[in-house]
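S.K.: the following block contains a protein sequence and its predicted model.
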Amino acid sequence: MNPRELMALFQARAPREQVLMVVCGATLIVFVLYWFALKPFSESVEATRARVDGNVRSISYLQDAAGEAISLQAGGGSAAAPADRNTSPLAALDQTFRDMGLGQPNRIEPLGRNGVRVQFSDVGVDALLRALGAAEQRYGLRVTQLNLNRRQPGLVSARISLER
């Protein structure tokens, strides 16, 4: 059908039907515009806003951690010598994890006489980093290898190697 035939069909209708057709057509146009233009646009804006908020939180956390690292570095690292170098690395790490409320790792194995390898599937990243810092201060266990994979916000899977 061409536009003239459509106009003739429209004009052949009663005035009430013409008004109803115009209102329905306008409603259909508004509906199509909303579902195929405005809604996807607003969803992408919200997703972008959420990503930006997450990035701002990450940057803030990293700035705080950088400030702490700089202050520790300026102070010569850990203030005190390791308290106990006679405890085996396995026992020292196990005790540190219990003291910090971290829970049992999925896997823990020795690396020679002065090292240990640990694996967690889901662990809080903040608690893990605090526990590793405590292990270094208390027992002289330094992280030699650290592999973190993000699981959920705040949770990671971790593979860690520590040595004296």
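M.R.: Right, received. Where do you want to start?
S.K.: in the chain, where is pLDDT below threshold?
M.R.: 74-83 (pLDDT under 70).
S.K.: now for Thr144: which residues touch it?
M.R.: Gly115, Ser161, Leu162, Glu163 (CB atoms under 8 Å, 6 or more residues apart in numbering). The way it works is simple: take the backbone N, C-alpha and C, and place the C-beta from them, glycine included.
S.K.: among the residues you listed, which are in strands?
M.R.: Gly115, Ser161, Leu162, Glu163 (DSSP state E).
S.K.: picking that back up, out of the contacts of Thr144, who has the most neighbours?
M.R.: In terms of neighbours by other CB atoms under 10 Å, the contacts of Thr144 top out with Leu162 at 24 neighbours.
S.K.: select the longest helix from this protein.
M.R.: Using DSSP state H, we find that the single longest helix of the chain is helix 39-74.
S.K.: what's the first helix or strand after that one?
M.R.: helix 89-99 (DSSP states H and E).
S.K.: helices or strands next to that next one in the packing?
M.R.: Applying 3 or more CB pairs under 8 Å, 6 or more residues apart in numbering; DSSP states H and E, we find helix 89-99 packed against strand 107-110, strand 115-124, helix 125-139, strand 155-163.
S.K.: sorry, back to before: which of the ones in strands among the contacts of Thr144 lies closest to Gly124?
M.R.: Nearest to Gly124, judged by CB to CB, of these is Leu162 at 18.4 Å.
S.K.: separation between the closest one and Val30?
M.R.: 63 Å (CB to CB, to the nearest Å).
S.K.: equivalent analysis for Phe120, please.
M.R.: 53 Å.
S.K.: which residue of these two possesses the greater neighbour count?
M.R.: In this view Phe120 and Val30 are compared by other CB under 10 Å, and Phe120 has more residues nearby, 22 against 11.
S.K.: ok, now which ones touch the more buried one?
M.R.: Pro105, Asn106, Leu128, Val156, Ser157, Ala158.
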